[in-house]
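In: Mind looking at a prediction? Sequence and model below.
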Amino acid sequence: MLLLLLAALADLKTDRIPNGFVLLGMVTGILGSLREGIAPYRVAVSVAAAFLLLYPLFKIGAMGAGDVKVLMMTGSFVGIKELLMITLLSFVIGAAASLGKLLSEHNGKERARYFVSYLSEVARTGQWKLYGEHTREDYERYCRNKIHFTVPILFGAALRIGGIF
(Lines give C-alpha, C1' and ligand atoms only; values in the text may rest on other atoms or scores of the structure.)
Protein backbone atom coordinates (compact mmCIF):
# COMPACT_ATOMS: atom_id res chain seq x y z
CA MET A 1 0.00 0.00 0.00
CA LEU A 2 2.86 2.36 0.76
CA LEU A 3 4.19 1.96 -2.78
CA LEU A 4 0.75 2.76 -4.23
CA LEU A 5 0.45 5.82 -1.99
CA LEU A 6 3.87 7.06 -3.08
CA ALA A 7 3.02 6.42 -6.74
CA ALA A 8 -0.24 8.39 -6.39
CA LEU A 9 1.55 11.28 -4.68
CA ALA A 10 4.21 11.37 -7.40
CA ASP A 11 1.51 11.32 -10.07
CA LEU A 12 -0.42 14.15 -8.40
CA LYS A 13 2.70 16.27 -7.92
CA THR A 14 4.61 15.70 -11.16
CA ASP A 15 2.13 13.97 -13.52
CA ARG A 16 4.68 11.14 -13.76
CA ILE A 17 5.64 7.94 -11.98
CA PRO A 18 9.40 7.31 -12.20
CA ASN A 19 10.37 4.07 -13.93
CA GLY A 20 12.96 3.31 -11.26
CA PHE A 21 10.27 3.51 -8.60
CA VAL A 22 8.03 1.09 -10.52
CA LEU A 23 10.95 -1.27 -11.10
CA LEU A 24 11.84 -1.22 -7.39
CA GLY A 25 8.19 -1.90 -6.56
CA MET A 26 7.98 -4.79 -9.00
CA VAL A 27 11.18 -6.38 -7.67
CA THR A 28 9.85 -5.99 -4.13
CA GLY A 29 6.52 -7.53 -5.14
CA ILE A 30 8.12 -10.43 -6.98
CA LEU A 31 10.51 -11.23 -4.11
CA GLY A 32 7.69 -10.94 -1.58
CA SER A 33 5.44 -13.20 -3.65
CA LEU A 34 8.20 -15.79 -3.97
CA ARG A 35 8.83 -15.60 -0.23
CA GLU A 36 5.12 -16.25 0.34
CA GLY A 37 5.42 -19.38 -1.78
CA ILE A 38 3.59 -18.04 -4.83
CA ALA A 39 4.83 -19.79 -7.97
CA PRO A 40 6.85 -17.52 -10.28
CA TYR A 41 4.57 -18.25 -13.23
CA ARG A 42 1.57 -16.96 -11.22
CA VAL A 43 3.37 -13.67 -10.61
CA ALA A 44 4.30 -13.46 -14.30
CA VAL A 45 0.69 -14.14 -15.33
CA SER A 46 -0.61 -11.40 -13.02
CA VAL A 47 1.92 -8.82 -14.25
CA ALA A 48 1.34 -9.79 -17.90
CA ALA A 49 -2.45 -9.65 -17.45
CA ALA A 50 -2.21 -6.08 -16.18
CA PHE A 51 -0.17 -5.12 -19.22
CA LEU A 52 -2.38 -6.94 -21.73
CA LEU A 53 -5.62 -5.58 -20.28
CA LEU A 54 -4.50 -1.97 -20.08
CA TYR A 55 -2.12 -1.55 -22.99
CA PRO A 56 -4.94 -0.93 -25.50
CA LEU A 57 -6.20 1.92 -23.31
CA PHE A 58 -2.70 3.36 -23.13
CA LYS A 59 -2.28 3.00 -26.89
CA ILE A 60 -5.30 5.21 -27.63
CA GLY A 61 -4.38 7.73 -24.92
CA ALA A 62 -7.20 6.86 -22.52
CA MET A 63 -4.71 5.82 -19.83
CA GLY A 64 -1.20 6.94 -19.02
CA ALA A 65 1.85 4.69 -19.14
CA GLY A 66 2.40 5.25 -15.43
CA ASP A 67 -1.07 3.92 -14.66
CA VAL A 68 -0.35 0.75 -16.61
CA LYS A 69 3.01 0.34 -14.88
CA VAL A 70 1.48 0.86 -11.43
CA LEU A 71 -1.11 -1.84 -12.09
CA MET A 72 1.66 -4.13 -13.34
CA MET A 73 3.53 -3.40 -10.13
CA THR A 74 0.37 -4.24 -8.18
CA GLY A 75 0.18 -7.52 -10.11
CA SER A 76 3.62 -8.44 -8.79
CA PHE A 77 2.17 -8.44 -5.25
CA VAL A 78 -1.16 -10.20 -5.84
CA GLY A 79 -2.53 -13.07 -7.87
CA ILE A 80 -4.56 -12.69 -11.04
CA LYS A 81 -7.93 -12.90 -9.26
CA GLU A 82 -6.97 -10.14 -6.82
CA LEU A 83 -5.49 -8.03 -9.60
CA LEU A 84 -8.68 -8.28 -11.66
CA MET A 85 -10.77 -7.25 -8.65
CA ILE A 86 -8.45 -4.32 -7.87
CA THR A 87 -8.59 -3.27 -11.53
CA LEU A 88 -12.39 -3.46 -11.57
CA LEU A 89 -12.65 -1.45 -8.34
CA SER A 90 -10.17 1.07 -9.73
CA PHE A 91 -12.29 1.59 -12.83
CA VAL A 92 -15.49 2.00 -10.78
CA ILE A 93 -13.77 4.53 -8.51
CA GLY A 94 -12.21 6.22 -11.56
CA ALA A 95 -15.64 6.49 -13.21
CA ALA A 96 -17.05 8.10 -10.06
CA ALA A 97 -14.09 10.51 -9.94
CA SER A 98 -14.57 11.33 -13.61
CA LEU A 99 -18.26 12.01 -13.09
CA GLY A 100 -17.40 14.26 -10.17
CA LYS A 101 -14.87 16.09 -12.34
CA LEU A 102 -17.42 16.52 -15.14
CA LEU A 103 -19.92 17.99 -12.70
CA SER A 104 -17.40 20.29 -11.04
CA GLU A 105 -15.93 21.49 -14.34
CA HIS A 106 -19.37 21.84 -15.98
CA ASN A 107 -18.05 20.36 -19.21
CA GLY A 108 -20.15 17.20 -19.51
CA LYS A 109 -21.76 18.25 -22.81
CA GLU A 110 -18.39 19.20 -24.29
CA ARG A 111 -16.86 15.86 -23.25
CA ALA A 112 -19.86 13.87 -24.49
CA ARG A 113 -19.70 15.63 -27.89
CA TYR A 114 -15.98 14.94 -28.13
CA PHE A 115 -16.45 11.28 -27.19
CA VAL A 116 -19.19 10.77 -29.80
CA SER A 117 -17.07 12.59 -32.38
CA TYR A 118 -14.07 10.42 -31.47
CA LEU A 119 -16.06 7.19 -31.81
CA SER A 120 -17.58 8.37 -35.10
CA GLU A 121 -14.11 9.13 -36.48
CA VAL A 122 -12.83 5.70 -35.42
CA ALA A 123 -15.86 4.00 -36.97
CA ARG A 124 -15.58 6.05 -40.17
CA THR A 125 -11.84 5.51 -40.71
CA GLY A 126 -11.48 2.10 -39.07
CA GLN A 127 -8.36 3.48 -37.35
CA TRP A 128 -7.83 4.19 -33.67
CA LYS A 129 -6.34 7.58 -32.95
CA LEU A 130 -4.97 9.17 -29.82
CA TYR A 131 -7.91 10.17 -27.59
CA GLY A 132 -7.77 13.79 -26.44
CA GLU A 133 -4.79 14.58 -28.65
CA HIS A 134 -5.84 18.18 -29.24
CA THR A 135 -6.24 18.90 -25.52
CA ARG A 136 -2.57 18.17 -24.83
CA GLU A 137 -1.67 21.35 -26.70
CA ASP A 138 -3.82 23.37 -24.28
CA TYR A 139 -2.46 22.34 -20.87
CA GLU A 140 -5.25 24.01 -18.87
CA ARG A 141 -7.89 22.22 -20.92
CA TYR A 142 -5.92 18.98 -20.63
CA CYS A 143 -5.89 19.26 -16.81
CA ARG A 144 -9.62 20.00 -16.73
CA ASN A 145 -10.31 16.74 -18.56
CA LYS A 146 -8.06 14.27 -16.77
CA ILE A 147 -7.93 12.36 -13.55
CA HIS A 148 -4.85 10.84 -11.98
CA PHE A 149 -5.79 7.17 -12.24
CA THR A 150 -3.18 6.14 -9.69
CA VAL A 151 -5.53 7.52 -7.02
CA PRO A 152 -8.40 5.16 -7.96
CA ILE A 153 -5.84 2.33 -8.13
CA LEU A 154 -4.73 3.18 -4.58
CA PHE A 155 -8.32 3.23 -3.30
CA GLY A 156 -9.26 0.08 -5.24
CA ALA A 157 -6.34 -1.79 -3.72
CA ALA A 158 -7.12 -0.45 -0.24
CA LEU A 159 -10.75 -1.58 -0.51
CA ARG A 160 -9.76 -5.04 -1.75
CA ILE A 161 -6.85 -5.64 0.58
CA GLY A 162 -8.85 -4.20 3.48
CA GLY A 163 -11.54 -6.80 2.83
CA ILE A 164 -14.30 -4.31 2.04
CA PHE A 165 -14.81 -5.72 -1.48
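Out: Cool, got the structure. Residues are numbered from 1 along each chain as shown.
In: which regions of the chain sit below the pLDDT cut-off?
Out: Applying pLDDT under 70 to the predicted model, the residue ranges of the chain that meet it are 132-145.
In: could you pull out the helices for it?
Out: For the chain, the helices identified by DSSP state H occupy 2-14, 19-35, 40-59, 65-75, 80-105, 108-125, 139-144, 150-161, in order along the chain.
In: Next up, the contacts around V68.
Out: When contacts are counted by CB atoms under 8 Å, 6 or more residues apart in numbering, V68 is found next to 50-51, 54-55, 57-58. The way it works is simple: take the backbone N, C-alpha and C, and place the C-beta from them, glycine included.
In: redo that, cut-off 7 Å
Out: Residues in contact with V68 (CB atoms under 7 Å, 6 or more residues apart in numbering) are 51, 54-55, 58.
In: Next one: it from F165, what distance?
Out: V68 is 22 Å from F165, where distance means CB to CB, to the nearest Å.
In: follow-up on the earlier one: return the member of the contacts of V68 nearest to G64.
Out: For the contacts of V68, the closest approach to G64 (CB to CB) belongs to F58, at 7.0 Å.
In: just the helices of the chain: most buried one?
Out: The highest average neighbour count among the helices of the chain, using mean count of other CB atoms under 10 Å, belongs to helix 65-75 at a mean of 24.
In: what's the distance between it and the middle of its chain?
Out: Counting by CA atoms, centre = their mean, to the nearest Å, helix 65-75 is centred 7 Å from the centre of its parent chain.
In: With adjacent residues omitted, what lies nearest to Y118?
Out: Of all residues not flanking Y118 in the chain, Y131 sits nearest, at 6.0 Å (CB to CB, 6 or more residues apart in numbering).
In: and that neighbour, how many neighbours?
Out: 17 (other CB atoms under 10 Å).
In: my guess is it contacts F115, does it?
Out: No - here Y131 lies out of contact with F115, judged by CB atoms under 7 Å, at a distance of 8.5 Å.
In: Please enumerate the shared neighbours of those two.
Out: When contacts are counted by CB under 7 Å, 6+ apart, the set common to Y131 and F115 is empty.
In: Please tell me how far the residue nearest to the spatial centre of the chain sits from E36.
Out: Among the residues of the chain, D67 comes closest to the average C-alpha position under CA atoms, centre = their mean, at 3.6 Å. D67 sits 26 Å away from E36, taking CB to CB as the criterion.
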